[in-house]
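Student: compute the structure for the input listed below.
(one chain, ligands or ions: 1)
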Amino acid sequence: MDVSAQYDVIVVGGGPAGSTVSTLVRKRGHRVLQLEKETFPRYQIGESLLPATVHGIAHLLDVSDELKRASFTIKHGGTFKWGANPEPWTFDFAVSRRMPGATGYAYQVERMKFDKILLDNARKHGVEVREKSDVLDVLKAEGGRVRGVRYRDAEGREHEVSARFVVDASGNTGGLYKKSGSKREYSPFFRNLALFGYFNGGKRLPKPNSGNIFTCAFEHGWFWYIPLTPDLTSVGAVVNRDSASLVQGDPEKAMESFIAACPLIAEKLSEATRVTEGPYGELRVRKDWSYSNTKFWAPGMALIGDAACFVDPVFSSGVHLATYSGLLAARSLNSCLDGTVDETTAFEEFEARYRLEYSRFYEFLVGFYDMHHSEDSYFWQARKISNTADSDLESFVELIGGVSSDEFADAARARQRFSEASDEMAGMTHTAADDADGPHGAVPGKVVGRLMEQGAALQARALLGDEAGAERPVRRGGLAASTDGLGWVPHARS
Ligand SMILES: Cc1cc2nc3c(=O)[nH]c(=O)nc-3n(C[C@H](O)[C@H](O)[C@H](O)COP(=O)(O)OP(=O)(O)OC[C@H]3O[C@@H](n4cnc5c(N)ncnc54)[C@H](O)[C@@H]3O)c2cc1C
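Tutor: Sure thing, here's the model as predicted:
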């Protein structure tokens, strides 16, 4: 490691992943340079957030109040027309009675505003942020260790800067990740594409679900319908690659035909007009977005957010995975820079936790899509065989979750120790699911609750700080988060 480097950490990218890691490393007093090729605000998709980001990460970033002031739409949960149930069903993040309103919601955000808030917040914390700075290459020392980057500034001048670590948070475009020796593996399962645009005057779901994301399956795939402001709605169709020629040939016509094929979305948009000017004026297409890299780190370099992996957006997991991986990377960087944990141990912990969270979403989504396609899908069969929803869930989670029972046991114990408040947060979606109308509502709601255990623990830590106590490792022999949540500590019993 080059201790004479100009910076401790260079972060490539000013999205949620980059701004999370840069701020949390800076909070431990390290020298951080963050390079972003665009000038903010810039457009980005990924507008429906999860509570773990809004409460857990945002709190660690000291940005919760600013997000509140931004008046983003409050999202209490999700409303789905999905699976065999002909009626839409809803799950709520639910409100804790002990901390009313504190953690039982997320936001629907205009990413131009949200990402700028996070990037400005990084600046406020002392991160040196340079926009219009396009990173062209990752530089290596003899022996292969990453030692810095080369970038081009607004005037077209090229610079080399050195650092003890480089974090690639440059999103899903570009190939900087290859410098880590990592390969990108695309999911054979989620080979869809999305066509999306914006509408003024779209109808809202009835209260209290008016801020929810509405996800509506139809014959070609599914729609998202995200209320961004009282007037503005983000609408996207995620369709099979078979529709690629239609979408790419004439996106306007394709959008019209998809809407016409989905009566619930057509009804919501019956009095709406599509935005045709400004940053929301074009119909955009994205494809092949589900992938995972073979490695998430190499000596001197870590990959986070979409630069490392991404999975189909049906459960709005992208920004959560981006900010969560930013937190995990920050813990590893801080521990290495502070000299408390060696690089291999610290980054193996980062990668193990990141992969665990990613695989939970990935595996769950595989089951979720099966439920959509066929009543006698794997998940649905499990439900028919079992007498109680809980038993169904346990078998479903074990079979498709890819999570060992040990890890669940750990998560359960961790929840207990995170005090009663934490318990309530972890159970948020469970409570809501119990209220949901019918089996289709109850089952996914509870599974989402499982998925969000890490998020709930994160929220507890953010809200309770040191009172949350030391965390247990999530795997045998692994590290635990330090009490401030910004580093790793060896676990006494591991
Ligand atoms: C169709 C679709 C729908 C989605 N819906 C949701 C949703 O509802 N909720 C959700 O949470 N997520 C959603 N996502 C995912 C979400 O968009 C991403 O997961 C998220 O934006 C990742 O954040 P990031 O910080 O990793 O990358 P980004 O947000 O892409 O930020 C990367 C930044 O790096 C900059 N950059 C790139 N290359 C360079 C370079 N060479 N030098 C300097 N800077 C560089 C870019 O300009 C950019 O600002 C969706 C994704 C898709 C495709």
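Student: and the closest residue to Glu110 other than its chain neighbours, what pLDDT?
Tutor: Take Glu110 and drop its neighbours on the chain: the residue closest to it by Cβ to Cβ, 6 or more residues apart in numbering is Leu228, 5.5 Å away. Quick note: C-beta positions are derived from backbone N, CA and C, even for glycine. Predicted confidence (pLDDT) for Leu228: 98.
Student: what about Leu228, how many neighbours?
Tutor: 22 (other Cβ atoms under 10 Å).
Student: likewise for the one 10 residues further on?
Tutor: A total of 23 residues lie near Val238 under the criterion other Cβ under 10 Å.
Student: am I right that it falls within a helix?
Tutor: No. Judged by DSSP: H, G, I helix; E, B strand; the rest coil, Val238 forms no part of a helix; its state is strand.
Student: wouldn't it be in contact with Val314 here?
Tutor: Yes. Applying Cβ atoms under 8 Å, one finds Val238 in contact with Val314, separated by 7.4 Å.
Student: what do those two both touch?
Tutor: By Cβ atoms under 8 Å, 6 or more residues apart in numbering, Val238 and Val314 have these common neighbours: Trp222.
Student: around the ligand, which positions in this protein sit nearby?
Tutor: Contact residues, the chain versus the ligand (Cβ under 6 Å from any ligand atom): 12-18, 35-38, 42, 44-49, 134-135, 169-171, 173-174, 194, 236, 286, 289, 305-306, 310, 313, 316, 318-320, 322.
Student: okay, and which of those map to strands?
Tutor: Val12, Leu35, Asp134, Val135, Ala194, Gly236, Arg286, Phe310 (DSSP state E).
Student: pLDDT-wise, what's the bottom of the residues you listed?
Tutor: For these, the weakest pLDDT value sits at Arg286, with 90.
Student: tell me the contacts of that residue?
Tutor: Taking Cβ under 8 Å, 6+ apart as the test, what Arg286 contacts is Ile45, Leu193, Ala194, Phe196.
Student: farthest pair in the residues you listed?
Tutor: Ile45 and Leu193 (12.6 Å; Cβ to Cβ).
Student: who's more crowded, these two?
Tutor: Neighbours were counted for Ile45 and for Leu193 using other Cβ under 10 Å; Leu193 has more, 20 against 15.
Student: spatially central residue for the protein, please.
Tutor: Residue closest to the mean C-alpha point of the chain, counted by Cα atoms, centre = their mean, is His320 at 2.3 Å.
Student: wait, isn't that one in contact with Pro51?
Tutor: No. Assessed by Cβ under 8 Å, His320 is found out of contact with Pro51, at 9.1 Å.
Student: rounded mean pLDDT for the longest helix anywhere in the chain, please.
Tutor: If you go by DSSP state H, the chain has its longest helix at helix 343-373. Mean pLDDT, helix 343-373: 82.
Student: may I see the buried residues of it?
Tutor: Going by neighbour count (16 or more other Cβ atoms under 10 Å), the buried part of helix 343-373 is 343, 345-372.
Student: and stretch 12-32, by the same measure?
Tutor: The neighbour-count check on stretch 12-32 (16+ other Cβ under 10 Å) flags 12-28, 30-32 as buried.
Student: before we move on, what about stretch 147-155?
Tutor: Across stretch 147-155, burial judged by 16+ other Cβ under 10 Å covers Arg147, Gly148, Val149, Tyr151, Arg152.
Student: for that stretch, the distance to its chain's centre please.
Tutor: Offset of stretch 147-155 from its chain centre (Cα atoms, centre = their mean, to the nearest Å): 28 Å.
Student: before we move on, the earlier item: and the residues of the chain next to the ligand, which of them are buried?
Tutor: The neighbour count (16+ other Cβ under 10 Å) marks 12-18, 35-38, 42, 44, 46-49, 134-135, 169-171, 174, 194, 236, 289, 305-306, 310, 313, 316, 318-320, 322 as buried among the residues of the chain next to the ligand.
Student: number of nearby residues for the nearest residue to Phe347 once chain neighbours are set aside?
Tutor: Closest residue to Phe347 apart from its sequence neighbours, by Cβ to Cβ, 6+ apart: Trp297 at 4.3 Å. The local packing of Trp297 (other Cβ under 10 Å) involves 28 other residues.
Student: contacting residues around Trp297?
Tutor: Counting by Cβ under 8 Å, 6+ apart, the residues that Trp297 touches are Ser180, Leu303, Ser332, Phe347, Phe350, Glu351.
Student: tell me which element Gly143 falls in.
Tutor: Here Gly143, judged by DSSP states H and E, is contained in no helix and no strand.
Student: right, I mislabeled it, should have said Lys132
Tutor: With DSSP H and E as the criterion, Lys132 is inside neither a helix nor a strand.
Student: I'd say Val166 and Val146 touch.
Tutor: Yes. Look at Val166 against Val146 with Cβ under 8 Å: they come within range, at 5.1 Å.
Student: tell me which of those two has more neighbours.
Tutor: Higher neighbour count among Val166 and Val146: Val166, with 30 against 23, using other Cβ under 10 Å.
Student: surely that one forms part of a helix?
Tutor: No. Val166: not assigned to a helix; according to three-state DSSP it is strand.
Student: where in the stretch 101-250 of the chain is pLDDT low?
Tutor: The model of the stretch 101-250 of the chain has pLDDT under 70 over residues 101-103.
Student: dump the residue contacts of the residue in it positioned nearest to the ligand.
Tutor: Closest contact between the stretch 101-250 of the chain and the ligand, by Cβ to the nearest ligand atom, is at Gly171 (2.6 Å). Gly171 makes contacts with Gly13, Gly15, Ala17, Gly305, Asp306, Ala307, as judged by Cβ under 8 Å, 6+ apart.
Student: show me where pLDDT drops low in the stretch 251-400 of the chain?
Tutor: 288, 370-400.
Student: repeat that for 80
Tutor: By pLDDT under 80, the low-scoring segments of the stretch 251-400 of the chain are 288-289, 360-361, 363-400.
Student: show me where it has helices.
Tutor: For the stretch 251-400 of the chain, the helices defined by DSSP state H, counting those that start in this stretch cover 251-260, 263-268, 318-338, 343-373, 378-385, 389-401.
Student: tell me the spacing between the residue in the stretch 351-494 of the chain that the ligand sits nearest to and Val314.
Tutor: Here the stretch 351-494 of the chain gets closest to the ligand at one residue, Phe361, 10.8 Å apart by Cβ to the nearest ligand atom. For Phe361, the distance to Val314 equals 9 Å [Cβ to Cβ, to the nearest Å].
Student: rebuild the helices of the stretch 251-400 of the chain as a markdown table, extending it with distance to Arg274.
Tutor: Shown next, in a markdown table, are the helices of the stretch 251-400 of the chain (distance: least, Cβ to Cβ, whole Å):
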| stretch | distance to Arg274 |
| --- | --- |
| helix 251-260 | 8 |
| helix 263-268 | 13 |
| helix 318-338 | 24 |
| helix 343-373 | 27 |
| helix 378-385 | 36 |
| helix 389-401 | 38 |
